[in-house]
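no FASTA, just this:
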């Protein structure tokens, strides 16, 4: 994906200012920066999650495989199907574990045969790693019955069910314990060979452990983007250096 001259306003308040970056295949790109600096707003621009937001105005160009995602030729639901979304707080549907994962593939008509759907659900749960913990209660337990870490991995399995190219993760470890966090981080690394991943995180250690590249946002501007070690050891902007050192934000 290519993002060029992206500006976004909520009413009269400008939330993104002249944002430019690329998203490469099979990479983890981490968005870092103080709260309210535009990280999640930029994330939602990639899958057109802002569509329908009142008083929102956006300029610039976002392309995927060379096509402008705002083009009249782009069907928004089909575009969004290319993305899996994982929120900070696990939000499984109040239905069975099986239906949580099957739902996306069903509503998009990706898999119609019952046996193929069952195999697809199993594959998504295996890839997201909760399969061994839930395989005996797929149709008995609800997603909301699971622990916080299990719920988040179930939500990742649900995100995988539509066969996305890109995973968008908005602080996916922000509300779970350290053990569950380690499991989610390992999971993200295991998914990278098949997906591009954009993750918003407030944990500098997490960004350094996971990301191939880091993008630092500050007051709506993308001040710096580069290889993770380069940004962490020799950031060019003073704002990024202070933030990484824990002296700002």
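In hand now; what should we look at? Everything quoted here is computed from the prediction, not taken from an experiment.

which of the residues in stretch 51-68 are buried?
For stretch 51-68, burial by neighbour count (16 or more other CB atoms under 10 Å) applies to 58, 60, 62, 64. C-beta here means a position set from N, CA and C on the backbone, and glycine is covered the same way.

residue 171: which of the residues you listed is nearest?
Looking at those and their distance to residue 171, the nearest is residue 62, at 21.9 Å (CB to CB).

so that closest one, which state does it fall into?
Here residue 62 is recorded as strand under DSSP: H, G, I helix; E, B strand; the rest coil.

bridged to it, which residues?
With DSSP bridges as the criterion, residue 62 is bridged to residue 3.

domains in the protein, by residue range?
Per automatic domain parsing, the structural domains of the chain span 1-82+166-173+196-249, 89-163.

distance between the last one and the chain's centre?
Yep, that's domain 89-163 we're talking about. Counting by CA atoms, centre = their mean, to the nearest Å, domain 89-163 is centred 18 Å from the centre of its parent chain.

which element is the residue lying closest to residue 164 once chain neighbours are set aside on?
Leaving out its chain neighbours, the residue that sits closest to residue 164 by CB to CB, 6 or more residues apart in numbering is residue 84, at 4.1 Å. Residue 84 belongs to strand 83-86 when assigned by DSSP states H and E.

give me the contact list for that strand.
46-47, 49, 152, 155-156, 159-160, 162, 164-170, 172, 195 (CB atoms under 8 Å, 6 or more residues apart in numbering).

how far away is residue 28 from residue 180?
In this structure, residue 28 and residue 180 are 19 Å apart, going by CB to CB, to the nearest Å.

oops, could you answer that again for residue 105 instead?
In terms of CB to CB, residue 105 sits 26 Å off from residue 180.

now do the SS call for residue 9.
Once three-state DSSP is applied, residue 9 turns out strand.

ah, wrong one, I meant residue 5
With three-state DSSP as the criterion, residue 5 reads strand.

burial check on it, number of neighbours?
11 (other CB atoms under 10 Å).

contacting residues for the closest residue to it other than its chain neighbours?
Leaving out its chain neighbours, the residue that sits closest to residue 5 by CB to CB, 6+ apart is residue 60, at 4.2 Å. The contact partners of residue 60, by CB under 8 Å, 6+ apart, come to 3-7, 19.
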